[in-house]
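Colleague: Could you work out the structure for the sequence below:
(2 chains)
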Amino acid sequence: MDLSKFSITGEAERANTLWLQNERLIRLRWMYFSTLIFIAAAANYIAHYSVLGHRYLVIGAIGLALNGLLYLSNKAFGRRRRVLSVLMVLQLVLDLGVATAATYLQHGEQARTTALYCLPIVSAALIFEPAIVYATAISSGLGYVAAIIGYMSTHYLPFSLSQFLVPLVFYPTFFLIFAQLVVYLMRVTTEKTRDQAYEAFLALLAHQLKHPASTVNAIIDYMEHTPFKTVEEQKTYITMLKAENHNLLLQLNNLLTTAGDLPPASKASTIDLPKFLQQITYQVAEDQLRVEDVKLHLHDLSFTIMGDSERLRTVLANVLNNAFQYSKAGSPVSISLRVTTDHAIITIDDKGSGMSRNAKHRMFQKYSIHQSTEGAVQGLGLGLFVSKKIVTAYGGSLHIVTDKAGTKVIIMLKRGNHEQAHTTD
Amino acid sequence: MSKHILLIEDFPVIQHLYADHLQRNGFEVDVAPDGKQALELVQTKTYDFILVDLLLPNVNGIEFLEQFTNRPPTTKVIVLSDFNEPHTVEKAHNLGIAAYLIKAENTPSELLEKLNAMEAPAA
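Modeller: Here you go, the predicted structure:
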């Protein structure tokens, strides 16, 4: 279930989208240059127009070299939006240049390569700005006219307006009409995609928030209609009610933390981290009916840190929930804690089936739900996004190592000046 | 003669609540945690009722309905889900379900009443 399309709001997401578009466009150009230019060159060699074939090869080689530079620049400057926009415009210039050079080689108005101008016009639509699409269409028209006039002047051919009127009017007009069509399709596609993603998100939001409420309903109904023999039996269902309440609160917390910047911590307090970790671990394990699968390694550590316990609870609950949800009941979930000079390091290790390559790529994005093969997945795909946001805001870091043997989450919390640490072993 | 029910539900708490309540009220209940295991079960046994959630791992509820083509005429398939987005409800109806029930409005006891009210032929 990919709802990442819905979230095109943050700077990071926008840069990421642009980066991916650049990469796709560059990949497409490898194919386009290799096939069009080199096949044209080969055809000309076969037809014994060896000089023309040679020129096509030169254009193709220059185009590929420039595309290589664009590829490397995209890799090197990745994620910086302004640079990415410049790279995208440079690609348009390159495509226009190649189309104009090919038109020139094809003797101007007789050119059979006019369709090459369509590529930069379509590519311009990827920048999401209709103005750029129109600008590219006008540049294509000018490039085409320049190719004709250039060819006539360099070959000292007489210029007759009646001979060139049709191509000079037809092609630039065609490019503008084509641009209009592209802009129309672009608007339709963007709105449709946004609407579909928005509806999908709302449906999921309604479902995931309704789920704990309807489960609570079912538990209460069950308790009303069941004659319990012991108090212990009754307590099991109270634990279930608590679990649903925790789940609902966690999801609301995630939604609130996702919206906007993280406000400064309102209440920093002293947290006994080993004790706190133990308490949250067992609470989540109990909610997930997996207490027996917990392998807690606290190494007899005893120390405190200063921090916002509510936010730390959100981080740990999200990561632990994932560990239980994405692994089979009966398989161990190991939680360990250790300290270095600068950090308190919490490692949560499950033996689930890990993440797919696609899920790995999107794991820290909003609304990215990775479907589990192990069982029910709750939530809105915000857990890791929110956890990373909180941990990073406090100067720490969150890393994930995942493969087919399971997933390991490493949370590094920065040790503040106010903490007191000592080991008792 | 007790009626046979297959409950396709991935969430353990819901599995337990509905299965236990139905069992205590005379139904014989099998539980499948996903559509894939349910598809295997329906090949070996004929059920009077199949209660299927939609958001399931491996094979989801809609895929289960699509793939469970050789349904015995006596089997009533009922969707039991929190999901009530109109397109999904319509899709499920087009796949030949007997009813679409929302979990929030169908607690174990309410569901039991509805199942009893439905005339299920003997297996």
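
Colleague: Point out where chain B drops to low pLDDT.
Modeller: With pLDDT under 70 as the threshold, chain B has low-confidence stretches at B:119-123.

Colleague: hmm, the biggest helix by length in it in reach of chain A?
Modeller: Scanning chain B for the longest helix, with DSSP state H as the assignment, gives helix B:12-24. Yes: judged by C-beta under 8 Å from any C-beta of the partner chain, helix B:12-24 and chain A are in contact via B:12-14, B:17-18, B:20-21, B:24. For every residue, glycine as well, the C-beta is placed using N, CA and C.

Colleague: Show me what counts as buried in that helix.
Modeller: Going by neighbour count (16 or more other C-beta atoms under 10 Å in any protein chain shown), the buried part of helix B:12-24 is B:12-19, B:21-22.

Colleague: partner strands of the next helix-or-strand element following it, parallel or antiparallel?
Modeller: Next along the chain after helix B:12-24, taking DSSP states H and E as the criterion, comes strand B:28-32. Strands that pair with strand B:28-32, judged by DSSP bridges, come out as strand B:4-8 (parallel).

Colleague: Send over the partner strand as PDB, restricted to the C-alpha atoms.
Modeller: Coordinates of the C-alpha atoms in strand B:4-8 are reproduced here as PDB (Å, rounded to 0.1, in the frame of the first residue of the first chain):
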ATOM      1  CA  HIS B   4     -19.400 -24.800  10.200                       C
ATOM      2  CA  ILE B   5     -17.800 -21.400  10.000                       C
ATOM      3  CA  LEU B   6     -14.500 -20.300   8.600                       C
ATOM      4  CA  LEU B   7     -13.300 -17.000  10.200                       C
ATOM      5  CA  ILE B   8     -10.500 -15.300   8.000                       C
END
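
Colleague: Contacts for it, please.
Modeller: Residues outside strand B:4-8 that contact it (C-beta atoms under 8 Å, 6 or more residues apart in numbering or on different chains) are B:15, B:18-19, B:22, B:27-35, B:38, B:41-42, B:45-53, B:56, B:61, B:64, B:115, B:123.

Colleague: I'd like to know which of those residues are buried.
Modeller: Buried residues within the contacts of strand B:4-8, defined by neighbour count using 16+ other C-beta under 10 Å: B:15, B:18-19, B:22, B:27-35, B:38, B:42, B:47-53, B:56, B:61, B:64, B:115.

Colleague: who touches the helix or strand residue B:111 falls within?
Modeller: For residue B:111, the enclosing helix or strand under DSSP H and E is helix B:108-117. Where contact means C-beta under 8 Å, 6+ apart, the residues beyond helix B:108-117 that reach it are A:218, A:221-222, A:224-225, B:3, B:5, B:17-18, B:20-22, B:25, B:27, B:49, B:51, B:80, B:99, B:101, B:106.

Colleague: tell me the contacts of residue A:178?
Modeller: Applying C-beta under 8 Å, 6+ apart to residue A:178 gives the contacts A:118, A:121, A:137.

Colleague: so after the helix or strand where it lies, what's the next helix or strand?
Modeller: Applying DSSP H and E as the criterion places residue A:178 in helix A:161-225. Past helix A:161-225, further along toward the C-terminus, the next helix or strand under DSSP H and E is helix A:231-258.

Colleague: number of nearby residues for residue B:81?
Modeller: Per other C-beta atoms under 10 Å in any protein chain shown, the neighbour tally for residue B:81 reads 28.

Colleague: Return the distance of residue A:49 relative to residue A:42.
Modeller: Spatial separation of residue A:49 from residue A:42 under the definition C-beta to C-beta, to the nearest Å is 11 Å.

Colleague: And residue A:69, by the same measure?
Modeller: According to C-beta to C-beta, residue A:69 stands 25 Å off from residue A:42.
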